[in-house]
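Q: Turn this into a structure:
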Amino acid sequence: MNPRKTKVLMVCLGNICRSPLAEGILKSMVDPGLIEVDSAGTAGYHIGNPPDERSLAIARQFGIDISEQRCRQVRQIDLRNFDLIYAMDEANLAHLLEMARSNEERTKVRLLLEEVSPGPRDVPDPYYGGTSGFEKVYHLIHEACEAISRKLSDQDNQL
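A: Coordinates of the predicted model:
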C-alpha cells in the first residue's frame, strides 16, 4: 500500500518569480514519490506563462530546471487539497487566509520564512529589481526549503 503523498503549495502574487523558485527548489530536495510540490499566484496576471526569465536563469545557475512550470492562480480547492501552503509574504498570506473557509484550511497556511526565523518575515518580491535580487531571493527560499525538507523527511512528520 502506498502512503498518501504530502502536498505542498508555494504561493506568491503572480507565480512568476518567488513561488516557481520555491517549487523547483523544494522539488529538488524531496522524494517525488512521497512529496508533491506545486506553486500558484494569488493574482491571475500571468496564467499559462512560464516563470520570469530571471527566475529561470537563477534556478538554472543552481542546477534546477523550472522551465516546464506554468503560472496558475490559486483556487479555493487548493486550500482543501494541499497539506501545507506557504505564502512568500504577509500580503499573500492575508489573501490566502481570507480564502480559507475553515480553521483546518487556515492552519495549513503559513509564511515560508517562518520555517527558518522567529517572527514573520517576507521573501522580497524581486520583480522590479535586478538580477542580484533574484539571487538573494533564491538563497532565502533555499534555506527555508531545506528546513521544510528536513521536517517532511522526519519519521514523525512534525509539520
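
Q: going forward, measure contacts and count neighbours with C-alpha atoms only.
A: OK.

Q: and the worst-scoring helix or strand of the chain on mean pLDDT, how far from the chain's centre?
A: Within the chain, judged by mean pLDDT, DSSP states H and E, the helix or strand with the poorest mean is helix 131-153; its value is a mean of 95. On the basis of CA atoms, centre = their mean, to the nearest Å, helix 131-153 sits 10 Å off its chain's mean C-alpha point.

Q: swap in stretch 27-36?
A: Centre-to-centre, stretch 27-36 and its host chain are 13 Å apart (CA atoms, centre = their mean).

Q: Give me the buried stretch members for it, please.
A: Going by neighbour count (16 or more other CA atoms under 10 Å), the buried part of stretch 27-36 is 27-28, 30, 35-36.

Q: same deal with stretch 46-56?
A: By neighbour count on 16+ other CA under 10 Å, the buried set for stretch 46-56 is 46-47, 50-52, 54-56.

Q: Could you pull out the strands in the protein for me?
A: Assigned strands in the chain, in chain order: 6-12, 35-41, 84-87, 109-111 (criterion: DSSP state E).

Q: wait, which of those strands is closest to Phe134?
A: Phe134 lies closest to strand 6-12 among the strands of the chain, at 14.1 Å (CA to CA).

Q: Show me what that closest one is packed against.
A: Applying 3 or more CA pairs under 8 Å, 6 or more residues apart in numbering; DSSP states H and E, one finds that strand 6-12 makes contact with helix 18-27, strand 35-41, strand 84-87.
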